[in-house]
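> quick one: sequence and predicted model below, then my questions.
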Amino acid sequence: MADAGKLIVAGPLDKNAINYRGIFIFDVEEIEQAKALVEIDPVIKSNLMTAEYLNWYGSAALKETLKIHSKIEKVKP
């Protein structure tokens, strides 16, 4: 999803009162497109987590996060 330019940010949040939570931020036009992407996630498919969908508008610079990350990430030898 990231390589296709659809997934901008993803990751887990701390354990809380309703078990584990995570976040996906997608670059899509409609929530239906996000739903189609989330449905293929193994954690969602296994029902370990469920999804809630919200519209969100953020900085266009957020799209550059993955490019920057690939330049500074630690690589295992």
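Thanks, I have it.

> all contacts plus neighbour counts: C-alpha atoms, from now on.
Noted.

> what's the burial count for the closest residue to residue 1 other than its chain neighbours?
Distances taken as C-alpha to C-alpha, 6 or more residues apart in numbering place residue 7 nearest to residue 1, at 5.2 Å, with adjacent residues excluded. When neighbours are defined as other C-alpha atoms under 10 Å, residue 7 has 18 of them.

> which strand residues bridge residue 7?
On the basis of DSSP bridges, residue 7 is bridged to residue 26.

> surely it and residue 26 touch.
Yes - Residue 7 lies in contact with residue 26 (C-alpha atoms under 8 Å); the separation is 4.6 Å.

> can you show me the strands along this structure?
Assigned by DSSP state E, the chain shows strands spanning 7-16, 19-26.

> identify the residues contacting residue 6.
If you count contacts by C-alpha atoms under 8 Å, 6 or more residues apart in numbering, residue 6 has them with 26-28.

> now do the same contact list for the most centrally placed residue in the chain.
When C-alpha atoms, centre = their mean is applied to the chain, the residue found nearest the centroid is residue 24 (2.3 Å). Contact analysis of residue 24 by C-alpha under 8 Å, 6+ apart lists 7-11.

> among the residues you listed, which ones are buried?
With neighbours counted by 16 or more other C-alpha atoms under 10 Å, the contacts of residue 24 contain buried members at 7-8.

> can I get the contacts of residue 24 in a markdown table with distance to residue 19 and pLDDT?
Below are those laid out as a markdown table (distance: C-alpha to C-alpha, whole Å; pLDDT from 0 to 100):
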| residue | distance to residue 19 | pLDDT |
| --- | --- | --- |
| 7 | 24 | 87 |
| 8 | 24 | 88 |
| 9 | 21 | 86 |
| 10 | 18 | 85 |
| 11 | 15 | 83 |
